[in-house]
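S.K.: Predicted model and sequence below, questions to follow.
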Amino acid sequence: MNILEAIILGVVQGLTEFLPVSSSGHLTIFQHIMGIDMEGNLFFNVMLHVGTLVSVCVVYRKLIFRLIKSFFIMLKDIFTGNFHWSKTDGDTNFLLMIIIGLVPLFLLFAPIPGTNGLSPKDLAEIWQGNTGYFIIIGFSLLATSIMLWVGVKAMENTTKKYSARTGSETPGRRRMKILDAVCVGLGQAFAAIFPGLSRSGTTLAMGELRGLNKQVALDYAFVLGIPSILAAALLEGIDAFKAQGTQDTLQLSPAAMIAGMITAMIVGFFAIMLFKWMLAKDRTNIFAAYTAVLGIAIIIISIIELKSGKNLFSGEPLTYFTANP
């Protein structure tokens, strides 16, 4: 992989990690088209995640600092017996909802009954090595489109009800409940299983379905994603170190790796700002239409390739390159 290819993948990662169109799905699509095998470049995946992690931390730095402060104040109140759930302020409530929302991620490692101990994470990895992996991405993109449309309609209904009751132009609840966090957390865990199912799109839609204010739902989805992105980077880092002890070696130069990381960081920053603006202007239906069209296109391409046994773009025998979500 050269520097230009690294920059291209950095742009793809930065845009799609936060826009509701699926980063794992788009990375796999671009790798398939460009003929890049990421299996020997696990460190590059790690650096892309680091880049997007930095971008979201920069955008939400003020909120993150407030949450850290609230965390220590909450610990003090707990140990002094002054903590009362019903009396928590907005930041403490948000922090507690983040903690609750992360709990469903542990279900990814829980064994599924009747599968000889396989976990959802194991199944996701098995799908990545299957010849039908590309078509799974297509159907997952269609599912993303449906989720986004459902979220848009839910927000429209919430706006009507809220406006009729209060006359306010800002719809939805701003204070989250436990069930809100559980539902959004389950959506995030589910999105981690299926490549092509957008994490940000799914979590936003779940928040909108619960009647949350759309900006609160988006902020929660992004901040909730910080530990998830960090965990993904750590897991890929462990895999990368293990690969160094086998036949896998780093297949790109440090310059290309750094170029991809910085690109993902810069593009990720502007992608977050773009998404927040588009949500405020009620234009998320654009992403719903895009993922629907792309999903249908990927399904058609997959069917053609499965019948011919060749990569439609390169003409080479089918080889599906995978990207960790």
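M.R.: All right, it came through fine.
S.K.: What's the separation between W277 and S119?
M.R.: 38 Å (C-beta to C-beta, to the nearest Å). Glycine gets a C-beta too; all of them are placed from N, C-alpha and C.
S.K.: higher neighbour count, these two?
M.R.: Ranked by neighbour count (other C-beta atoms under 10 Å), W277 and S119 place S119 first, with 16 against 10.
S.K.: Quick check: the gap between that one and L105.
M.R.: In terms of C-beta to C-beta, S119 sits 12 Å off from L105.
S.K.: what's the helix or strand that contains A288 packed up against?
M.R.: Element membership for A288, per DSSP states H and E: helix 285-308. Judged by 3 or more C-beta pairs under 8 Å, 6 or more residues apart in numbering; DSSP states H and E, helix 285-308 is in contact with helix 133-166.
S.K.: Tell me the buried residues in the next helix or strand after the helix it packs on?
M.R.: The helix or strand immediately downstream of helix 133-166 is helix 178-193, counting by DSSP H and E. For helix 178-193, burial by neighbour count (16 or more other C-beta atoms under 10 Å) applies to 180-193.
S.K.: Could you do stretch 198-216 as well?
M.R.: Buried, per 16+ other C-beta under 10 Å, within stretch 198-216: 198-214, 216.
S.K.: Now do the helix holding A288 against helix 133-166, angle only.
M.R.: Angle, helix 285-308 to helix 133-166, by axes from the mean of the first three to the mean of the last three C-alpha atoms, to 10 degrees: 160 degrees.
S.K.: Averaged pLDDT, helix 285-308. What do you get?
M.R.: Average pLDDT, helix 285-308: 93.
S.K.: can you state the direction angle for the helix or strand hosting S228 and helix 178-193?
M.R.: Secondary-structure element containing S228, defined by DSSP H and E: helix 214-244. Angle of helix 214-244 versus helix 178-193, following the same axes, to 10 degrees, is 40 degrees.
S.K.: Following helix 214-244 in sequence, what is the next regular element?
M.R.: Next element after helix 214-244 (DSSP H and E): helix 254-280.
S.K.: so where's the stretch 51-200 of the chain shaky on pLDDT?
M.R.: 126-132, 163-164, 166-170 (pLDDT under 70).
S.K.: Could you work out the end-to-end span of stretch 161-177 for me?
M.R.: Its first and final residues considered, stretch 161-177 spans 19 Å by C-alpha to C-alpha, to the nearest Å.
S.K.: My error: substitute stretch 95-111 in the last question.
M.R.: Where stretch 95-111 begins and where it ends lie 29 Å apart, using C-alpha to C-alpha.
S.K.: Name the surrounding residues that touch it.
M.R.: Under the contact criterion C-beta atoms under 8 Å, 6 or more residues apart in numbering, stretch 95-111 has outside partners 67, 70-71, 74, 85, 88, 117-121, 176, 178, 180-182, 184-186, 188-189, 192-193, 220, 223-224, 227-228, 231.
S.K.: switch to 7 Å and redo it
M.R.: 67, 70-71, 88, 117-121, 176, 178, 180-182, 184-186, 188-189, 192, 220, 223-224, 227-228 (C-beta atoms under 7 Å, 6 or more residues apart in numbering).
S.K.: picking up where we left off before, and the contacts of the helix holding A288?
M.R.: Under C-beta under 7 Å, 6+ apart, the answer for helix 285-308 is 19-21, 29, 131, 134-135, 137-139, 141-142, 144-145, 148-149, 152, 201, 311-312, 318.
S.K.: Buried ones from those, can you make that a PyMOL selection?
M.R.: Per 16+ other C-beta under 10 Å, the buried members of the contacts of helix 285-308 correspond to this PyMOL selection:
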select buried, resi 19+20+21+29+134+135+137+138+139+141+142+144+145+148+149+152+201+311
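S.K.: quick one: which of the buried residues of helix 178-193 is nearest to P113?
M.R.: I193 (16.2 Å; C-beta to C-beta).
S.K.: measure that closest one to V56 for me?
M.R.: 22 Å.
S.K.: How about F72?
M.R.: For F72, the distance to V56 - C-beta to C-beta - is 22 Å.
S.K.: T202 too?
M.R.: Following C-beta to C-beta, the distance that separates T202 from V56 is 17 Å.
S.K.: likewise V184?
M.R.: 16 Å.
S.K.: for L148, same thing?
M.R.: L148 is 20 Å from V56, by C-beta to C-beta.
S.K.: repeat for T144
M.R.: Where V56 is concerned, T144 sits at a distance of 20 Å (C-beta to C-beta).
S.K.: can you tell me how far the nearest residue to G237 once chain neighbours are set aside sits from V293?
M.R.: In space, and not counting its chain neighbours, G237 is closest to V46: 4.9 Å by C-beta to C-beta, 6 or more residues apart in numbering. Distance of V46 to V293, computed by C-beta to C-beta: 31 Å.
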